[in-house]
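# next come a sequence and a model predicted from it.
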Amino acid sequence: MFDVFDYEDIQLIPNKCIVKSRSECDTSIQFGPKTFKIPVVPANMQTVMNEELAEWFAANDYFYIMHRFDEAARIPFIKKMHDKGLFASISVGVKDNEYAFVEELKNSDIIPEYMTIDIAHGHSDQVIEMIKHIKKHLPGTFLIAGNVGTPEAVRELENAGADATKVGIGPGRVCITKIKTGFGTGGWQLAAIKLCAKAARKPIIADGGIRTHGDIAKSIRFGADMVMVGSLFAAHEESPGETVELDGKLYKEYFGSASEFQKGEKKNVEGKKMFVEHKGSLQDTLTEMQQDLQSSISYAGGRDLESIRKVDYVVVKNSIFNGDMDR
Ligand SMILES: NC(=O)C1=CN([C@@H]2O[C@H](COP(=O)(O)OP(=O)(O)OC[C@H]3O[C@@H](n4cnc5c(N)ncnc54)[C@H](OP(=O)(O)O)[C@@H]3O)[C@@H](O)[C@H]2O)C=CC1
Ligand SMILES: Nc1nc2c(ncn2[C@@H]2O[C@H](COP(=O)(O)O)[C@@H](O)[C@H]2O)c(=O)[nH]1
């Protein structure tokens, strides 16, 4: 048996501070061929990422992954990014046409720096075959594969050639996989990160379930190298989802990539659509995230993200928001 817990059940234990100012703490992370300001990437979803934001993220040294829901736009997107001297990071599926797409990239010498295989159930022969295909034709591209929820899956995808794996089946805010299928890491996502990280020999992305900035530090403590965030990023003025006003308050649309809304049909629906409270500017949130993470590093008693990985923790079942309910 293994311990079962989630983000809200854990508190990290502080160590003696060794910096004079939190501004001394370094939140940068090398991930694949590049180094980024923070270990956070917006979800590759249509209401979270678009081309304009991708350009802004790349130009400002943040990692991004473009979604795969406008297939024809992918090649012009890579070319545009490269013309501007920016890195290209795209997503693919596993259907037959994606094999030809990968070959087209190779034959036209349009090579993205990062590629993500974006599938609900990543522990499958289909994904393993696609990893091999991409690594054969685009060996220089840093390949992320997912999503998975077990150490066995992490090992198998790594062995097939994936450079990083993405962990999280069903913990997302608009996810209904756990309700519709009974499966997933929803409710124990942080424990799943811990299990998967122990087995991993390559980087791991913790995907889904991040509700507070403190959850980013917790993900790193339990072995994540990068953290994927959907709902917290969907809420900004610049986010691609529609802005709506309800009872005088502003909200942003946020829908699942497996929702009926995204798919245009009611088939294998495992996601829903909701409205998240409008949060102002994206740059303000990214700055706040970085400052909060710098503070986490100072509480860890270090100067960089590595120090967070070593801190002790306690399990405080569902109690960290006690006395803090009006947040
Ligand atoms: N992280 C998460 O928890 C989840 C994320 N999602 C997101 O939703 C989007 C759509 O995902 P997905 O449906 O995989 O993409 P696709 O609709 O592109 O499906 C990919 C392929 O895998 C097959 N497939 C999908 N799920 C399963 C399964 N459980 N068992 C066997 N075969 C399967 C599909 O066939 P067929 O459709 O005929 O079965 C299809 O051929 C993605 O962006 C994904 O990230 C969706 C659910 C969970
Ligand atoms: N089960 C589903 N999961 C989905 C769907 N669309 C996206 N996702 C996953 O959620 C995270 C974002 O989670 P959040 O808690 O930060 O909002 C995203 O990266 C996907 O892995 C879906 O339709 N069904």
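Cool, got the structure. Because the structure is predicted, anything quoted here is derived from the model rather than measured. Ligands and ions are numbered 1, 2, ... in the order given.

# alongside ligand 2, which residues does the protein contribute?
Taking CB under 6 Å from any ligand atom, the part of the chain that reaches ligand 2 is made up of 43, 45, 147, 168, 170, 172-175, 177, 207-210, 228-231, 256-259, 270-271. Every C-beta, even on glycine, is put in place using the N, C-alpha and C of the backbone.

# out of these, which are inside strands?
Using DSSP state E, the subset of the residues of the chain next to ligand 2 located in strands is 147, 207, 228-229.

# before we move on, the earlier item: out of the residues of the chain next to ligand 2, who's near ligand 1?
Among the residues of the chain next to ligand 2, proximity to ligand 1 is found for 147, 168, 170, 172, 175, 177, 208, 257-258, 270 (CB under 6 Å from any ligand atom).

# and these, which is closest to W56?
S257 (21.6 Å; CB to CB).

# I'd like to know how many residues surround the closest one.
Neighbourhood size, S257 [other CB atoms under 10 Å]: 25.

# so what's it up against?
Going by CB atoms under 8 Å, 6 or more residues apart in numbering, S257 touches 45-46, 67, 69, 118, 271.

# are any of those buried, and which?
45-46, 67, 118, 271 (16 or more other CB atoms under 10 Å).

# now pLDDT too, for these, in JSON lines please.
Formatted as JSON lines, those follow (pLDDT from 0 to 100):
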{"residue": "M45", "pLDDT": "98"}
{"residue": "Q46", "pLDDT": "98"}
{"residue": "H67", "pLDDT": "98"}
{"residue": "D118", "pLDDT": "97"}
{"residue": "G271", "pLDDT": "97"}
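
# quick check, nearest of these to ligand 1?
Distance to ligand 1, by CB to the nearest ligand atom, is smallest for D118 among the buried ones among the contacts of S257, at 4.5 Å.

# the closest one touches V92, doesn't it?
Yes. Assessed by CB atoms under 8 Å, D118 is found in contact with V92 at 7.1 Å.

# mutual contacts of the two, please.
Counting by CB under 8 Å, 6+ apart, the residues touching both D118 and V92 are R68.

# can you list the residues of the protein near ligand 1?
93-95, 118-121, 126, 147, 168-170, 172, 175, 177, 208, 257-258, 268, 270.

# point out where this protein drops to low pLDDT.
Flagging of the chain using pLDDT under 70 yields the residue ranges 1, 318-327.

# which residues in it form strands?
Using DSSP E, strands in the chain cover 10-12, 29-31, 34-36, 40-42, 89-92, 114-118, 142-148, 164-167, 204-207, 226-229, 243-246, 249-255, 273-277, 313-315.
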